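Enquirer: need coordinates for the below:
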Amino acid sequence: MAGHKLPTAADLTSPEPIEVLTKPFLRFASLSSAGGLILIACTVAAMLWANSSASESYHHFFHGEKLSIGFAELELSKSLAHWINDALMALFFFVVGLEIKREVLVGELSSPRKAALPIAAALGGMVVPALIYVAFNAGEPSLRGWGVPMATDIAFALGILSLLGNRIPASLKVFLVSLAIADDLGALIVIALFYTDELATNYLLYAGGATLAMVMLNVLRVRSPWIYFFFGLALWYFVFKSGVHATIAGVVGAMTIPASARVGAARYTAATRDALEEFESHNKDPDRNALITREQHAAAWTIHTNSIQVMPVLHRLENALHPYTVFLVIPIFALANAGIEIHGGLGQNLLNKPSFGVVLGLFVGKPLGIFLFSLVAVKLGIASLPRSVSWRHILGAGCLGGVGFTMALFIGNLAFAESPDDLTHTKLAVLVGSALSAIAGLVILATCRKQPDAPATPTTPATPAD
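Expert: As a prediction, this is how the structure comes out:
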């Protein structure tokens, strides 16, 4: 989450030896483009591995051997790629769900006026690419892949945007984040409704029971993340067995996570100030980093407890899990799914209807849909352009919306699980369409005239609700 970073107590001292050694890595990880760069590296590595003399080992490692987890009737045996796509990606979708809930409660989607532009843009960015794909694949078995070019990869898009530095107004980044989150929500609905083949109603009922239990935990103000984890694990298992894609469990579970704090800001400030004064009153040697006294330990622990109680579980989980999804889950997903064997040359693999639909859907349909639907929303008076943002900025952001890597590959796997050739063509088309969109977005935004920052309009902050 973006925000002003305040210095910690450790920042005010000389660095420890381990901090000196790890500083370059931590500095890289703090870059907003870091996740996108790692994603690119894993994609290139997967392509090289799958097209090298060791290609057989790539497919055997991710798709050959079965990995069994569980016991007795609860045992699940799947390939490593299946575990990555069904289980590890559920964690990614859980974080997406947390982001959606936060934005709906207190963010850019918290009021109709604020949400109108990104929702209209996201809707256009889904409808137009899907129509372009359908135009090329109508009446063909490959029509099943119409959902592939609808998706936006927020990690890639923001990573590319960050390369332009302060040339881009901050409000454009907020618009792109909100658009991508609304886009993710639309993609999740598409997955649940159109990429579910057979349903086991008994497991759906069990999943509903697990969801109800998590809702009741929220109502009872249970704030331990571990309790939600165990119920969420049961929810994932039931959704997996039901026939609905298991990653949907991540989003459903995220909606049940408490978004209100245990204590309010005034009570937190007063209690923490008292504890800090107590700590300072027993500070006999302020220049010495020695063991603290028993009274100081109690005061420090009180401050720690207060800080946990003022942070909603939703924020705590989002902050804790976001780095793992960016630097672990998504790169592993790319490594397992981007290994496309290219036989017969690039042109031959792209000269087919699924590839045309995906490439043009991402490269043309995304910016066209985002721009036109945004324009209509503004002209109708239901939305307004963000501060310091021009229509050229919107067009450039629309091109970045065509970087559909992660979610597009994910939907491609669902659409063409039974058609390896179509899946290969689709994956390659996603890479080409995303690359073209990234280049076009960079060129357009790099040539935008820097807009003067308009004064912010004061707004009344929303109060989080569960």
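
Enquirer: can you give me the helices for the stretch 1-150 of the chain?
Expert: 17-30, 34-50, 55-59, 80-83, 89-106, 112-137 (DSSP state H, counting those that start in this stretch).

Enquirer: residue 219: which of those helices is closest?
Expert: helix 89-106 (15.8 Å; CB to CB). Yep, even glycine has a C-beta here, placed from its N, CA and C like the rest.

Enquirer: and the contacts of the closest one?
Expert: 109-110, 178, 181, 184-185, 188, 232, 236, 246-255, 257, 259, 314-315, 317-318, 321-322, 324-325, 329-330, 333, 406, 410, 461-465 (CB atoms under 8 Å, 6 or more residues apart in numbering).

Enquirer: if you set the cut-off to 7 Å instead, what comes out?
Expert: Defining contact as CB atoms under 7 Å, 6 or more residues apart in numbering, one finds that helix 89-106 is touched by 109-110, 178, 181, 184-185, 236, 246-247, 249-251, 253-255, 257, 259, 314, 317-318, 321-322, 325, 329-330, 333, 410, 461-462, 464-465.

Enquirer: flag the shaky bits of the chain, pLDDT-wise.
Expert: 1-16, 18-33, 72, 155, 159, 165, 197, 285-290, 343-349, 450-466 (pLDDT under 70).

Enquirer: could you chop it up by domain?
Expert: 112-196+341-451, 265-308 (automatic domain parsing).

Enquirer: point out the most buried one among those.
Expert: domain 112-196+341-451 (a mean of 21; mean count of other CB atoms under 10 Å).

Enquirer: any idea how far that one is from the middle of the chain?
Expert: 15 Å (CA atoms, centre = their mean, to the nearest Å).

Enquirer: number of nearby residues for the nearest residue to residue 265 once chain neighbours are set aside?
Expert: Closest residue to residue 265 apart from its sequence neighbours, by CB to CB, 6 or more residues apart in numbering: residue 310 at 7.0 Å. By other CB atoms under 10 Å, 18 other residues sit near residue 310.

Enquirer: is it true that residue 310 touches residue 261?
Expert: Yes. Under the criterion of CB atoms under 7 Å, residue 310 makes contact with residue 261 at 5.2 Å.

Enquirer: rebuild the domains of the chain as JSON lines, extending it with distance to residue 78.
Expert: Below are these laid out as JSON lines (distance: least, CB to CB, whole Å):
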{"stretch": "domain 112-196+341-451", "distance to residue 78": "13"}
{"stretch": "domain 265-308", "distance to residue 78": "37"}
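
Enquirer: a markdown table for the helices of the stretch 1-150 of the chain, including distance to residue 429?
Expert: Output for the helices of the stretch 1-150 of the chain, formatted as a markdown table (distance: least, CB to CB, whole Å):
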| stretch | distance to residue 429 |
| --- | --- |
| helix 17-30 | 31 |
| helix 34-50 | 14 |
| helix 55-59 | 20 |
| helix 80-83 | 20 |
| helix 89-106 | 21 |
| helix 112-137 | 10 |
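
Enquirer: run the chain-centre distance for the strand or helix carrying residue 306.
Expert: Per DSSP states H and E: residue 306 is located in helix 294-310. Put simply, helix 294-310 sits 33 Å off its chain's centre (CA atoms, centre = their mean).

Enquirer: any idea which of the helices of the stretch 1-150 of the chain gets closest to residue 399?
Expert: Across these, closest to residue 399 is helix 112-137 (CB to CB), at 10.7 Å.

Enquirer: the spatially most central residue of the chain and residue 145: what is the separation?
Expert: Closest residue to the average C-alpha location of the chain: residue 96 at 4.6 Å, with CA atoms, centre = their mean. Going from residue 96 to residue 145 by CB to CB, to the nearest Å gives 22 Å.

Enquirer: over to residue 293?
Expert: Counting by CB to CB, the gap from residue 293 to residue 145 is 66 Å.

Enquirer: before we move on, what about residue 353?
Expert: To residue 145, residue 353 is 10 Å away according to CB to CB.

Enquirer: ditto for residue 320
Expert: 35 Å.

Enquirer: what's the answer for residue 109, then?
Expert: Counting by CB to CB - residue 109 and residue 145 are separated by 28 Å.

Enquirer: next: residue 51.
Expert: Counting by CB to CB, the gap from residue 51 to residue 145 is 23 Å.

Enquirer: check residue 356 too.
Expert: Distance of residue 356 to residue 145, computed by CB to CB: 11 Å.

Enquirer: find the nearest non-adjacent residue to the most far-flung residue of the chain relative to its centre, please.
Expert: Distance from the centre of the chain peaks at residue 284, with 47.8 Å (CA atoms, centre = their mean). Closest residue in space to residue 284, ignoring its immediate chain neighbours: residue 293 at 7.9 Å, by CB to CB, 6+ apart.

Enquirer: give me the phi and psi angles of that neighbour.
Expert: phi -80, psi 170 (degrees, to the nearest 10).

Enquirer: go ahead and confirm it touches residue 283.
Expert: No. Counting by CB under 7 Å, residue 293 stays clear of residue 283, with 8.6 Å between them.

Enquirer: any idea how far apart the tips of stretch 192-208 sit?
Expert: 15 Å (CA to CA, to the nearest Å).

Enquirer: what's in contact with that stretch?
Expert: Residues outside stretch 192-208 that contact it (CB under 7 Å, 6+ apart) are 147, 235, 238-239, 241-245, 248, 411, 414-415.

Enquirer: following the helix or strand residue 158 falls within, which helix or strand comes up?
Expert: Assigned by DSSP H and E, residue 158 belongs to helix 154-162. Note on helix 154-162: by DSSP H and E, the next helix or strand toward the C-terminus is helix 170-194.

Enquirer: hmm, back to that, and of the domains of the chain, who's closest to residue 223?
Expert: domain 265-308 (8.7 Å).

Enquirer: chain center to that closest one: distance?
Expert: 37 Å.

Enquirer: going forward can the numbers begin at 23, since that is how I track them
Expert: Taking 23 as the first residue, the last one we looked at is domain 287-330.

Enquirer: now do the SS call for the closest residue to residue 325 other than its chain neighbours.
Expert: In this structure, residue 325 finds its nearest non-sequential neighbour in residue 297, 4.9 Å apart by CB to CB, 6+ apart. State at residue 297, reduced to three classes by DSSP: H, G, I helix; E, B strand; the rest coil: helix.

Enquirer: surely residue 297 touches residue 324?
Expert: Yes. Between residue 297 and residue 324 there is a contact at 4.2 Å, judged by CB under 7 Å.

Enquirer: what is in contact with those two at once?
Expert: Contacts common to residue 297 and residue 324, judged by CB under 7 Å, 6+ apart, are absent.

Enquirer: so what's residue 382 up against?
Expert: Residue 382 makes contacts with residue 154, as judged by CB under 7 Å, 6+ apart.

Enquirer: just confirm it is within a helix.
Expert: Yes. Assessed with three-state DSSP, residue 382 lies in a helix.

Enquirer: what's the spacing between it and residue 266?
Expert: 30 Å.

Enquirer: relative to residue 172, how far out is the residue nearest to residue 325?
Expert: Taken as CB to CB, the span from residue 297 to residue 172 is 51 Å.
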